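In: give me coordinates for this.
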Amino acid sequence: MKNAKSPDLIRWGADTFATAIALLFVGASLGFLWLSRDSLGGPDFFFYLCYSRDMVDAPASVSLQCYQYFPGVYAFWRTAMRIVGFDLAHLQSVYLAVLILNGLLVGSVLMRLIQSRSAAVFGVIWYWVLCSRFQGLEGIAEPIATVPFLFGLLCWGGRALVGARGVLRAVGLGVALGLTVYVRQQAGLLALGTVWLLLPAALRHRNPCSGKWTFLTGVPDWRVLLLLPLTASVMFGVALRAEGQGWEPLQIGLAHVGSYATRGDLIGNLYTIARTDESATLALFLCLGALAWRSRSQNLDGVEQPWREVVGFCAIAIMATLWQFRTRPYGHYALLAVPCLVIASVAVTSQVLLPHWASYGKRRQWLMGLVLAAVPLLVGSWRPGTLAIWRVIPDRQVTYRALWHRQPDITRDLEQIRQIVPHGSSLLVLPPRHRSIHYLTGTRSSRHRGYGFRTRSLEELSWATFGWVVLMTAGLDETDLSIWGAEQIEDAVTALNQNGFREEVRLKTMLVFQRRADSTESSQSSIGQ
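Out: Numbers count the residues shown, from 1 in each chain. Below you'll find the predicted structure:
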């Protein structure tokens, strides 16, 4: 009797230990994210918040230049502002909830595919780790865009798109893809993962159930497959038209993507991203290699294997998103691919690699599994401001990311600007990159100017549309200093004096100018100009 109970006791002990470790790591991850809340934000974050605030408070003042990014991100933030208000801390909490939701959706997809709690929990934690390493804490749009995408994957679940249920799955996935693109135009690259569904249908039509492509399961009806792009297009079009600006957001958004300035080449930019987190690069190659090896080494019958369909979809989507790096090596571009990478890598490891190693013994299987799990969570964890799960009790100092507007001198200057410049005034910031000045002081740009990133030449500015100007003289970061220095400040002061402005106050990091009352222009332009 004693010997009969021993295996059960050992299994219970192992399960209890695994559960305790999982809860510990999840708790550490959530603790890190919560402590990071006050440090969430960046230039893009305040860009979205400024436009969304204006859309809620004064729609007539909003420049159409806001649609250089598709309107879904503004629809999200407008909704958030109507629910929680305009307080920055509340909006940071909303974004934090988006990151947590993405992780939970990744875990839910894995749980549905491979029915493994440990794999699902690992996927959740790994997503949060990668998110912290690829600018996910800067308030960018990619995590917002991947929420509907992951809901679509969860709805589909890799099941065959045949029959009535297949129609419902296709419609659900199509709606999700349409909403994904509605939030972020580059997210349309994720939709290319549907090529995986078209590929087996075309090949099996020629040579059914034979050859190296037999690992592709299910041959959906082409009419059901047609529902994917059709539903996605209809959903995107309806959402776009609901914005009330016709097709202009589409035209402006596509034109903006085409006008991106090039920094480096594709290979160099990919190398930069690969060095941001080497474990993610290794996971991608491991995933693609294992999938290719699986397809060639074993012929499968017609048994449906949903995990393989989702992995194939994700693999193509990942490769498609790499096209973004042909222009710039921005880390947040990788966040479109991160959920797909986690899902594909964990599923392939669980369904291909671990069963293969099981033939060498259970101990070796578990050892290799632990090594594979440890590498992505520990490699690169020394970087400041990133999630390191081995810090069981997160330290606020470790989670801190220095936001530009939280520098002591700048914080004091912004408080004085709030007292000097009337709320809702039309304000020009030079250089224009720090929209946090607008959001935190309650001021707006002009309809003509918008909250654009680029610094136009002083001759091109429409000075008459501004009542106030903030000229940055100190506290600038490296990006600012590459385009803004002593010469530009001197030229700006000269231009302001020539266009009817006088210096109102000299702060430690900024100069504040106001249009002169005796100027031929009005002392304060209407926001709607």
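In: tell me where the chain has strands.
Out: Secondary structure of the chain (DSSP state E): strands at 427-430, 468-472, 501-506, 510-515.
In: got these as CSV, with mean neighbour count and mean pLDDT columns?
Out: C-beta coordinates here come from the backbone N, C-alpha and C atoms, glycine included. Compiled in CSV, the strands of the chain are given as follows (neighbours: other Cβ atoms under 10 Å; pLDDT from 0 to 100):
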stretch, mean neighbour count, mean pLDDT
strand 427-430, 23, 90
strand 468-472, 24, 92
strand 501-506, 15, 91
strand 510-515, 22, 92
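In: how's this protein carved up into domains?
Out: 2-35+69-397, 404-515 (automatic domain parsing).
In: can you check the distance spanned by the last one, start to finish?
Out: Start to finish, the residues bounding domain 404-515 are 27 Å apart (Cα to Cα, to the nearest Å).
In: what do you get for stretch 436-452?
Out: 13 Å.
In: flag every buried residue along it.
Out: 436-447, 449-452 (16 or more other Cβ atoms under 10 Å).
In: still on that earlier bit, quick one: closest of the strands of the chain to Val175.
Out: Comparison of the strands of the chain against Val175 by Cβ to Cβ identifies strand 427-430 as nearest, at 39.3 Å.
In: by contact count, what packs against that closest one?
Out: helix 436-441, strand 468-472 (3 or more Cβ pairs under 8 Å, 6 or more residues apart in numbering; DSSP states H and E).
In: would you format these as JSON lines with distance to Gln351 included?
Out: Putting the helices and strands packed on strand 427-430 into JSON lines (distance: least, Cβ to Cβ, whole Å) gives the following:
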{"stretch": "helix 436-441", "distance to Gln351": "46"}
{"stretch": "strand 468-472", "distance to Gln351": "54"}
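In: and the ones you listed: which comes nearest Ser279?
Out: Taking those one by one with Cβ to Cβ, helix 436-441 is closest: 32.8 Å.
In: from the chain's centroid, how far away is that closest one?
Out: Relative to the centre of its chain, helix 436-441 is centred 23 Å away, using Cα atoms, centre = their mean, to the nearest Å.
In: ok, stretch 187-197 next?
Out: 17 Å.
In: what's the answer for stretch 408-418, then?
Out: So, by Cα atoms, centre = their mean, the centroid of stretch 408-418 is 30 Å from its chain's centroid.
In: do the same with stretch 238-249
Out: Counting by Cα atoms, centre = their mean, stretch 238-249 comes out at 23 Å from the chain centroid.
In: then stretch 317-330?
Out: Worked out by Cα atoms, centre = their mean, stretch 317-330 lies 13 Å from the chain centre.
In: run through the helices of the stretch 151-300 of the chain in chain order.
Out: 163-183, 195-206, 222-242, 248-258, 266-276, 278-297 (DSSP state H, counting those that start in this stretch).
In: where does Thr217 land on pLDDT?
Out: In this prediction, Thr217 carries a pLDDT score of 40.
In: could you do His205 as well?
Out: 37.
In: same check on Ser345?
Out: For Ser345, pLDDT reads 91.
In: in contact with it, which residues?
Out: By Cβ atoms under 8 Å, 6 or more residues apart in numbering, Ser345 lies in contact with Ala283, Leu284, Leu286, Cys287.
In: residues near the second one, how many?
Out: What that stands for is Leu284. 20 (other Cβ atoms under 10 Å).
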